[in-house]
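model the structure of this input:
(chains A and B)
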Amino acid sequence: MEEIVAKTEAIVREAKALGADEAIANTVVGSYRQIRFSNDRIDIGLSWRDYSTSIMIAWRKRVVLTEIKDFRDASGAVKRLMSLARISKENAAYGGVARGRFEYAKPMADGAIEHLEDPSGYIEEAICAAKREAGEGAETGGILFTKYERAFLSSSEGPEGWDERSAIELSIRAFSQRDASGHGVECSNSLKDFEPGRAGGKAGEIAKMAVNPKAGKAGRYDVVLDPLFFGSLMAVYGSMGSAFYAMTRMSIFADKLGARVAPEIVTIRDDPRTCSVNCRAFDDEGAPVKETIFIDRGILRTFFHNTSTARAFRTETTGHAGIIVPMPWNLSMDPGDLGRDEMLSELRRGLYLTNTWYTRFHNYATGDFSTIPRDGIFLVEDGEVKESWKGIRVSDNALRILSSISAISKERQRVHWWLEADPPSLSPFVLIEGVRITRPD
Amino acid sequence: MNKGADYAEVRALDRREEEIILKNGELDAYAISFDSGFSVRILAGGGLGFASSNRWTREEAKEVVEEAHRLAKASGRMGRIEFAEEEAAEAEWGVGQRKRIEDVHPEEKIAALLEVDKELTSQGIKVISRALICATELLEGYFANSEGSKIRSFVPRVSFVASGITVFESGRTEQIPFKEYGQSGGWEVLESWGLGADLAREIRALKRLIEEGRAMRPGRMDVVCGPEVVGIACHESCGHPMEADRILGREMSQAGRSFIHDSSPFWIGSRIGSELVTIVDDPTMENSYGYYLYDDEGVRARRRYLYKNGVINEFLHNRETAAKLGARSNGSARSMNYDREPIVRMANTYLLPGDMSEEEIFEDIKRGVYIRSFSEWNIDDTRFNQRYVGREAYLIERGELGTPVARPIIEATTQSFWMAVDAVSRNVEFQAATCGKGDPMQGAPVFHGGPMIRLRGIRVG
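Residues are numbered from 1 along each chain as shown, chains lettered A, B, ... in the order given. All right, here's what the predicted structure looks like:
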């Protein structure tokens, strides 16, 4: 620890001595483990250790960045950066970095994750739970991932802090038939409330319900989205909340600050100080993280900012640096007052969609997009699941979807999955009216 | 091997990268990075273990070996992995640079990017946003395994991404969400792309779409797809479902499975397209974005015929999947860094050309649509139900191109798409892309492409 602090601080001192206006060095020493399994068997155990330091230097509004490993040639890297800064071009929009001394929240890492001897038992637990629900013949596959990071950030502008970050997550997909599957995820920053059986049980339950799917039919439907599905959409909305993407029109929210984008029941927040695979104490400038209300009772309240984008919008950083691209850390949607079953009972003829992938936009500024439901797709009539479906697509508009949310469940799940539901979120069941469903001819 | 491993390999990689980011005409940042590390993969007792580090000390190396071995033994309790036999190779391969990336001054690189931006914004068209990113990488690799392979490699690559190019005219917005260029080679490859002119042509097409474009009434019609659309279809509905790890279920909880499997109507020998459909994946194309001569398991690369004359022909294999399916590896194992396991990947996937001119393709279409490029696309996780939404598209009437068409949509199954092909042109074009697969994600540089094709009587939405 002392070595990390000393070497990280030395980088900042050297940059200043060479004439940098601002310098930040951010060292993360991480150990990561993963077990991948498919067809109920382990395919591979993986482990990787990463010793990396990100360095940012600004000189006369020229911003240069580098990343070095294991402090190798740190001094040379700083000199190269300064040389690069001197021949680079001024960025008139550069607005500086976080300034001042801050008190940071205590790290939320769980040391037990770092010292976990053999996590394969969690996989067995998840597989057993899936088979209990879907039957012994069900096939399962997925990953178990753990991380433990020690981070130290030093900035010439004052911020200096130590953080420790941990995560454990399990993703399991169960197949009761080739085209009948369910997906469950479990993710946390601590072992305390990590229940792999919960993910396996959910995957198995959906896989069992999904047997003998029929070809789905195109049309407009009221749709209940499972937390895993809505977590993917919330990740899209959250990413579009980045000021960088608003500025480059890769966002439906570009001109909507202060405008109504959703009904009053919709409030979306971001806070990495809560239980999450992405919990942290400060951002990449050393600004303390905090709760940010992104959409407040349907009104777009703010973008996610670093200091520089905040200046462009004449506001304060929200603690979401990314030096270049600010991003949300850990989203959550405020709960509603219905249970899942109550929400399904609202459907006279609608769909319950449990997961999705491959969300792609025709035009990020207007929001026209499609996404492909996967795993259990259920036709619900008069509140009862009538059929399992397959082969459909949600082809709609992201703003219209957001503005058509008519109910939110009181129960929420922490979800994070691959690059679909990322950044992580605390996601509810959500009822959306009139969703356009298409299918291949 | 002294610990009782059945197989061991080490991969080391030095990576030098640069990235220049221009946001709405301002140089947001210039980033350089230096990465260097190694990994060890061990097969022991039917289990596979992988460990890596970027700390180059003897003590760390020993720990990494021990960790990989421990993970292999632990995995063996619930697994049974074998590798197909392969010959050991001693080789050195690389990609030449006519204009070495490391010799191009940063000011010249910045100037090149600014020049593209200038051309983009001097068309008399209102471009309200854009992000332009230029990246270079120099990769020096070393691979050795317990069977005697020793392979050195050097790959320079250049790429360029334009995103969020948004045209606002007549109160309406049209956008190029992403456009990617990339090749292996020196700085000369970027200079050969004609970036400014190409993007300027694209935004002129968007402006015309805004001013003249109209929606088509949905229905069945003849569709001509340009190489960009053909390329993405080759990648999504041929390359991905032919990955043997996906077929065997190894990606089941992330990238998904395949419509091709041993209890489906689709297996090697099944018809999936018309006689005109031959799709290959070829890593050995010089200066391609997905170029390599030996894969990341040390197996010599070669062209693979995936769909041959419309019939499923050969899966993409690494040594693990080849052993499971009684085949030989065809050199499809790729890893995107020293700290990522090699998995089955595409390289350069494209439809082989036919014998028609482009004029002949159009001439007997009474009424149809030509889809030159696409923005939105996706495909289900078995790679059967796909959708491509045209960005630049035109009406075809009596063999002639007419007015721009707004958002023509093909939503088809893999079989219905490829079976509808009744004409293939002579000229092949390639596009660069970054293929996503693996957990953690490994974005792989690839080409996809093909000639122009005609689809008869396909539904357009």
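
helix, strand or coil for the residue in chain B that chain A sits nearest to?
Nearest residue of chain B to chain A (C-beta to the nearest C-beta) works out as residue B:71 at 3.3 Å. Every C-beta, even on glycine, is put in place using the N, C-alpha and C of the backbone. Of the three states, residue B:71 takes helix under DSSP: H, G, I helix; E, B strand; the rest coil.

surely it and residue B:51 touch.
Yes: between residue B:71 and residue B:51 there is a contact at 6.6 Å, judged by C-beta atoms under 8 Å.

so what's in contact with these two at the same time?
With contacts defined as C-beta atoms under 8 Å, 6 or more residues apart in numbering or on different chains, the residues adjacent to both residue B:71 and residue B:51 are A:46, A:47.

could you give the bridge partners of residue A:270?
Here residue A:270 sits in beta bridges with residue A:292, residue A:331, as judged by DSSP bridges.

got a list of what it touches?
Counted by C-beta under 8 Å, 6+ apart, residue A:270 has contacts A:238, A:291, A:292, A:294, A:304, A:320, A:328, A:329, A:330, A:331, A:332.

give me the neighbour count for the closest residue to chain B within chain A.
Residue nearest to chain B within chain A: residue A:45 (3.3 Å; C-beta to the nearest C-beta). Look at residue A:45: counted by other C-beta atoms under 10 Å in any protein chain shown, it has 29 neighbours.

and what of residue B:217?
Around residue B:217 there are 7 other residues, counting by other C-beta under 10 Å.

try residue B:357
Residue B:357 sits with 12 neighbouring residues when counted by other C-beta under 10 Å.

so it sits against residue B:425, correct?
Yes: under the criterion of C-beta under 8 Å, residue B:357 makes contact with residue B:425 at 6.7 Å.

picking up where we left off before, how far away is the residue of chain B closest to chain A from residue A:254?
In this view, residue B:71 and residue A:254 are 46 Å apart by C-beta to C-beta, to the nearest Å.

get me the contact residues on the stretch 351-461 of chain B for chain A.
Residues of the stretch 351-461 of chain B lying close to chain A by C-beta under 8 Å from any C-beta of the partner chain are B:375-382, B:385-387, B:389, B:391, B:407, B:411-413, B:416, B:436, B:439-441, B:458-459, B:461.

taking the residues you listed one by one, which sit in helices?
Cross-referencing those against helices under DSSP state H gives residue B:416.

what's the ChimeraX syntax to select whichever of the residues of the stretch 351-461 of chain B next to chain A are buried?
Command for ChimeraX that selects the buried part of these, burial taken from 16 or more other C-beta atoms under 10 Å in any protein chain shown:
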select /B:375,376,377,378,379,380,381,382,385,386,387,389,391,407,411,412,413,416,439,440,458,459,461
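
A strand includes residue B:264, no?
No: Residue B:264 sits outside any strand when classified using three-state DSSP, being coil.

around it, how many other residues sit close by?
With other C-beta under 10 Å as criterion, residue B:264 counts 15.

angles on the backbone of it, please.
For residue B:264, the backbone dihedrals are phi -110, psi 170 (criterion: degrees, to the nearest 10).

now swap in residue B:123 and tell me
phi -100, psi 0.

per-residue confidence for it?
On pLDDT, residue B:123 comes in at 96.

residue A:276 now?
Confidence score, pLDDT, at residue A:276: 89.

next one: residue A:264
pLDDT, read off for residue A:264, is 98.

run a quick neighbour tally on residue 418.
By default, I'm working from chain A. For residue A:418, the tally of surrounding residues (other C-beta under 10 Å) stands at 19.

look at chain B instead
A count of neighbours around residue B:418, defined by other C-beta under 10 Å, yields 25.

skip the chain neighbours and tell me the closest residue to it.
The spatially closest residue to residue B:418, leaving aside those adjacent along the chain, is residue B:273, at 2.9 Å (C-beta to C-beta, 6 or more residues apart in numbering or on different chains).

name the element the one you found belongs to?
Using DSSP states H and E, residue B:273 falls within no helix or strand.

correct me, but it touches residue B:415?
Yes: in this structure, residue B:273 is within contact of residue B:415 by C-beta under 8 Å, at 7.5 Å.

can you name the residues of the stretch 201-350 of chain A sitting close to chain B?
Checking the stretch 201-350 of chain A against chain B by C-beta under 8 Å from any C-beta, the hits are A:244, A:245, A:247, A:248, A:249, A:250, A:254, A:323, A:324.

go again with 7 Å.
Residues of the stretch 201-350 of chain A lying close to chain B (C-beta under 7 Å from any C-beta of the partner chain) are A:247, A:248, A:249, A:250, A:324.

out of the residues you listed, which comes closest to residue B:447?
Checking these against residue B:447 by C-beta to C-beta gives residue A:250 as the nearest, at 24.9 Å.

tally of neighbours for the closest one?
Residue A:250: 24 surrounding residues under other C-beta under 10 Å.

what about it, which helix or strand?
Here residue A:250 sits in a region with no helix or strand, counting by DSSP H and E.

can you pull the contacts of it?
Residue A:250 is in contact with A:364, B:163, B:164, counting by C-beta atoms under 7 Å, 6 or more residues apart in numbering or on different chains.

can you tell me the closest non-neighbouring residue to the last one?
Nearest residue to residue B:164 in three dimensions, chain neighbours excluded: residue A:248, at 3.9 Å (C-beta to C-beta, 6+ apart).

of residue B:273 and residue B:415, which one has the most company?
Between residue B:273 and residue B:415, residue B:273 has the larger neighbour count (other C-beta under 10 Å), namely 25 against 17.

can you tell me how far that one is from residue B:94?
36 Å.

for residue A:392, same thing?
Distance of residue A:392 to residue B:94, given as C-beta to C-beta: 48 Å.

okay, and which of the residues of the stretch 351-461 of chain B next to chain A map to strands?
Among those, DSSP state E puts B:375-379, B:385-387, B:389, B:411-413, B:436, B:458-459 in strands.
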